[in-house]
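Asks: Sharing a model that was predicted from the sequence below.
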Amino acid sequence: MTDATDFSAEGGCTCAQVRYRLASRPLFVNCCHCRWCQRESGSAFAINAMIEAERVELLAGAPEMVDTPSLSGKGQKIWRCPNCRVAVWSNYAGSGEAVRFVRVGTLDDPDLLPPDIHIFTGSKQPWVQLPPDTPAVPEYYKASALWPQESLERRAVLIARAKKP
Ligand SMILES: [Zn+2]
Ligand SMILES: [Zn+2]
């Protein structure tokens, strides 16, 4: 993760009405093993690439927001294709509209963004074996401890912008 701008990736929903492009490498990629992500994905975990909203270019379509309960109790806004209803990204209360949690499985090449960390492994399905070289935490973590310097600098820009009146 040295140069964010040498990265670009496209993705979209399953009916192809919604198409987007990530204009740079994400800030960090969380693989979440919480029960909520398991239920919402119908699978064992969700892989979310956190990236500044303005670095997600909408190429086609108009995702529709669905207010959804969340583990924190503060809710999440899940953005879905209005036609096939596939979720392409979410906003969470903490970072609000400024950061999109893009669902890595909706990238044309999801192999590009393996998890930087496994979170909520306390509720991980027992058959899932985590790679030994990727950080894993039972619940959440502090970005300052684990994100690369470049991502922390990008995060500082967002925080400074949020504080402006
Ligand atoms: Zn669709
Ligand atoms: Zn989760």
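Replies: Alright, I've got the coordinates. Ligands and ions are numbered 1, 2, ... in the order given.

Asks: Around ligand 1, pick out the residues from the chain.
Replies: For the chain, the contact set with ligand 1 under CB under 5 Å from the ion comprises 13, 15, 17, 81, 83-84. (Glycine included, C-beta is placed from N, CA and C.)

Asks: Buried only: go through the residues you listed for me.
Replies: Listed as buried from these are 13, 17, 81; burial here means 16 or more other CB atoms under 10 Å.

Asks: As a markdown table, the residues you listed with pLDDT, distance to ligand 2 and secondary structure would be great.
Replies: Below are these laid out as a markdown table (pLDDT from 0 to 100; distance: CB to the ion, whole Å; DSSP: H, G, I helix; E, B strand; the rest coil):
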| residue | pLDDT | distance to ligand 2 | secondary structure |
| --- | --- | --- | --- |
| Cys13 | 98 | 21 | coil |
| Gln17 | 98 | 26 | coil |
| Cys81 | 98 | 21 | coil |
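
Asks: Relative to Thr5, which of those residues is nearest.
Replies: Relative to Thr5, the closest of these is Cys13; by CB to CB it sits at 26.0 Å.

Asks: excluding its backbone neighbours, what's nearest Leu5?
Replies: One correction, residue 5 is Thr, not Leu. Ser24 (5.3 Å; CB to CB, 6 or more residues apart in numbering).

Asks: Kindly report the same for Gly12.
Replies: Arg19 (4.1 Å).

Asks: Wait, that neighbour touches Glu10, no?
Replies: Yes. With contact defined as CB atoms under 8 Å, Arg19 reaches Glu10; the gap is 6.7 Å.

Asks: Tell me which of those two has more neighbours.
Replies: More crowded of Arg19 and Glu10, by other CB atoms under 10 Å: Arg19, with 18 against 14.

Asks: Which phi and psi values does the more buried one adopt?
Replies: Here is the backbone geometry of Arg19 (degrees, to the nearest 10): phi -130, psi 140.

Asks: how about Arg85, what does it touch?
Replies: With contact set as CB atoms under 8 Å, 6 or more residues apart in numbering, Arg85 has no partners.
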